[in-house]
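A.B. asks: Mind folding the following:
(chains A, B and C)
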Amino acid sequence: MVDLWDGLTQAFWLVITLDRELAEIALRSLYVTLTALVIACLIAFPLAAFLAVRRFRFRRLIIAILNALMGLPPVVVGLIVYVLLSRSGPFGVLGLLFTPTAMIIAQIIIIVPLIASIAHQSLRDLWQEYHDLLISMNVSQGQKMRTLIWDARRALLTASLAGFGRGIGEVGAIMIVGGNIDNVTRVLTTAIALETGKGAFALALALGFVLIALTIAVNLMIHWLGQTEREGRW
Amino acid sequence: MLFPLNVTDAQTRRWGKILVGPVSLHLTGAGATVIIGPNGSGKTTLLHLLHGTARLHAGTIAWQVPMAEARAVQSFVFQRPVMLRRSVVDNIAYPLVIRGIRKSEARAQAHDWVKRIGLDEMADRPATSLSGGEQQKLALARAFITAPQVVFLDEPCAALDGRATAEIEAILQEQMAQGTRLILSTHDMGQARRLADEVVFLRAGQVHETGPATPFFSAPQTDAAHAFLNGDIVE
Amino acid sequence: MRQVLFVIALLWATATQAQDSLRLAVTTSFHNSGLADVLLPEIQADLGLEVQLLIVGTGQALRLGEAGDVDAILVHSRAAEEAFVAQGYGTHRREIMYNDFVFIGPMNDPAGISDATDAADTLQRIATVDAPFVSRGDESGTHNKELALWQAAGLDPDNFGDWYRAVGAGMGAALNTASGMNAYVLSDRASWLNFANKGDLALLFAGDPVLFNQYAYLPVNPDLHSHVKSDLAARLEDWLTSPHAAELINSYMIDGEALFVFNAEDVS
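C.D. replies: Just a heads-up that it's a prediction; the model follows:
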């Protein structure tokens, strides 16, 4: 209990004094996860829309795989990405291991199935609603997908927030592929793991509270951005 | 030109049961064809068959152009209108936008239609917030904005009160006067009398009687049509 | 204008930084000592070299070196290091400094190890009373050292009962576990001194020469991995073995205690 209180006060002072190191780590966390999120959405939304409007042979199988991959352990993803990006691995020449780019790649792999699965559920429901109208209007596959994605944008926002939550709080994969290098690849979660290892529970908790606050702030901001659209009904 | 439309022994099944057919029809290019008949007689399915959105299992449906081209100059209005999760004006502009018309131009045309159907105050409201009658008027505007040659309407006033029905019929009359061909189904014999130039009376998936509206309503040739017009229960 | 210059200077600074950086895999125990926080800024100042530390276990550090994912490693597990060089993954092994391992345990010391004569006696006393003992269990340098000590004491951990807990985690996590269970644990002195969650634990036994912990620097072989920055690794080695480094290492203290003894030999 003493640690909790110490953590809170320490978090308070770190934030109030705008601790430079903390700011850097927090900004890096945001940079990595938000970049991964944007790219993951660009992959997951069209994939989800495609699975909703198109009937093809392996559709059910792909949906089942996506659902299963939602629970993919980040450590496993980290190991796979590590082996691929290692200098002795197939993509070693790119020299990406232990860079923020490697962390972004790992996080994309972790959050794409999550976002695609959630997005697919809402797009599928919307497609049932729209099916007769769009078929009657002779709408092309691409237009169907675009219409669904645009009209379900609120549900997709929720899906992307789920992806953000999984990404920003993730430590297993980015620890392996990022290496937790000070000033280069250290982010909030890996810093927390490091401080916990040193037994510095109060500082670790302080970083944890900053992480929680950051997550809430980003969620609120994205919701607020969504609300500023004229209509609040969808 | 799409017409004349020749339907020869058209048939469609679901789970082995014949829904419609065999049906043969010859439709020419003017006025309104009204399809009437008891529930389950196949009115909706017949409309979808003609539009090419239901599967044809036997027979032919021959417009003067291939079905895909024909559908491009047709619109379909459903009994329960499908509202896109967009504003009223964006719903109406949608068919233009997917035809590649610039968004500003499409919205300008849509605004004209919003005024014609009297929804100008709600132009930027979500379409799903409209009442049933307003939604159906929106669906009509969305169907007519592309200036289609043929519009199919599946019981467009089924759930509406008298005033909304009158407004919708006024729009339909106006469009017919401009040369749009209407093919609609209805349960409302008053509406059938007001709109029809030609009647198709369906019974158990088959055309039981068909012909020009005036003689059909004054002197139906078959007992079933007679009974149906009298309000008796016809299976 | 001044701002433009500032931005250009900043870009230039980051560009050169990106150019002169070197990846060094080090063990958790080295990082926990806090010595890196003293050495890295000095290296930056003297050489203009940014050393990027990867803090991992000895086993993983060796793997990173084998794969060419780091430019050099700084670890403390002699047998493994010699094998690393023998297999050609590293060019050579250079001893830099040593610190020592210490036995940590509950203050009331149920096994009475504070009266032990040497490391072997310490372990025998713990095993005799089946006192809870936390092992790293992660094949790290510290874990290997612990296993060697058990062997020297004539005991085999495979035959131990429930009191022997292999946690499979880093030094800090193992200390946290020992603190929670009031158990004995073998730790490097640096990690122990810097450890913040001591609870009821205390340093109970130290000083046997077998407990000395030699750190060595091994540059990764550029013949196997052409991208390895062997010239920078050589410059870092020169610095680490310089009199300036010796002074910094020998004078590094925690709570008034010196932690490391510089023992690099001059090869020139």
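
A.B. asks: use CA for all of it now, contacts and neighbours both
C.D. replies: Will do.

A.B. asks: which residues does B:Pro212 contact?
C.D. replies: With contact taken as CA atoms under 8 Å, 6 or more residues apart in numbering or on different chains, B:Pro212 is in contact with B:Asp197, B:Glu198, B:Val199.

A.B. asks: Kindly recompute the last result at 6 Å.
C.D. replies: B:Asp197, B:Glu198 (CA atoms under 6 Å, 6 or more residues apart in numbering or on different chains).

A.B. asks: Could I get the pLDDT score of it?
C.D. replies: In this model, B:Pro212 is scored at 91, pLDDT.

A.B. asks: what are the bridge partners for it, then?
C.D. replies: B:Glu198 (DSSP bridges).

A.B. asks: what is the mean pLDDT for stretch A:42-59?
C.D. replies: The pLDDT scores in stretch A:42-59 average 93.

A.B. asks: residues making contact with it?
C.D. replies: Residues outside stretch A:42-59 that contact it (CA under 6 Å, 6+ apart): A:Val112, A:Ala116, A:Ala119, A:His120, A:Arg124, A:Met145.

A.B. asks: For burial, what's the neighbour tally of B:Trp63?
C.D. replies: Counted with other CA atoms under 10 Å in any protein chain shown, residues neighbouring B:Trp63 total 19.

A.B. asks: before we move on, the earlier item: with neighbour count and distance to B:Asn91 added, can I get the contacts of stretch A:42-59 in TSV?
C.D. replies: TSV is the format used below for the contacts of stretch A:42-59 (neighbours: other CA atoms under 10 Å in any protein chain shown; distance: CA to CA, whole Å):
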residue	neighbour count	distance to B:Asn91
A:Val112	25	31
A:Ala116	29	27
A:Ala119	28	23
A:His120	25	23
A:Arg124	19	20
A:Met145	23	17
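
A.B. asks: Quick check: which of those are also close to chain C?
C.D. replies: Among these, no residue is within reach of chain C (CA under 6 Å from any CA of the partner chain).

A.B. asks: Can you read off the pLDDT for the residue of chain A found nearest chain B?
C.D. replies: Going by CA to the nearest CA, chain B is nearest to A:Asp151 of chain A, at 5.5 Å. We have a pLDDT of 93 for A:Asp151.

A.B. asks: how close does it sit to A:Met145?
C.D. replies: A:Asp151 sits 10 Å away from A:Met145, going by CA to CA, to the nearest Å.

A.B. asks: what's the neighbour count on the residue of chain A closest to chain B?
C.D. replies: Count around A:Asp151 with other CA under 10 Å applied: 16.

A.B. asks: Quick check, it in contact with B:Leu84.
C.D. replies: No. At 7.3 Å, A:Asp151 does not count as touching B:Leu84 under the criterion of CA atoms under 6 Å.

A.B. asks: before we move on, back to that, who's in contact with the residue of chain A closest to chain B?
C.D. replies: Contact analysis of A:Asp151 by CA under 6 Å, 6+ apart lists B:Arg85.

A.B. asks: residues touching the residue of the stretch 51-200 of chain C found nearest chain B, list them.
C.D. replies: Of all residues in the stretch 51-200 of chain C, C:Leu54 sits closest to chain B, at 51.0 Å by CA to the nearest CA. Counting by CA under 6 Å, 6+ apart, C:Leu54 makes contact with A:Gly179, A:Ile181, C:Ala25.

A.B. asks: Quickly list what it is bridged to.
C.D. replies: Bridge pairing for C:Leu54 - DSSP bridges - gives C:Ala25.

A.B. asks: Roughly how far does it sit from A:Val177?
C.D. replies: Counting by CA to CA, the gap from C:Leu54 to A:Val177 is 11 Å.

A.B. asks: Likewise for A:Ala26?
C.D. replies: In terms of CA to CA, A:Ala26 sits 18 Å off from A:Val177.

A.B. asks: between the two, who's got more neighbours?
C.D. replies: In terms of neighbours (other CA under 10 Å), A:Val177 is the more surrounded of A:Ala26 and A:Val177; the figures are 30 against 19.

A.B. asks: Any residues of chain A in contact with chain C? List them.
C.D. replies: A:Arg87, A:Ser88, A:Gly179, A:Ile181, A:Gly197, A:Lys198, A:Gly199, A:Ala200.

A.B. asks: Could you dump the contacts of stretch A:42-59 into a markdown table with distance to A:Asp3 added?
C.D. replies: Below are the contacts of stretch A:42-59 laid out as a markdown table (distance: CA to CA, whole Å):
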| residue | distance to A:Asp3 |
| --- | --- |
| A:Val112 | 36 |
| A:Ala116 | 39 |
| A:Ala119 | 40 |
| A:His120 | 43 |
| A:Arg124 | 47 |
| A:Met145 | 51 |
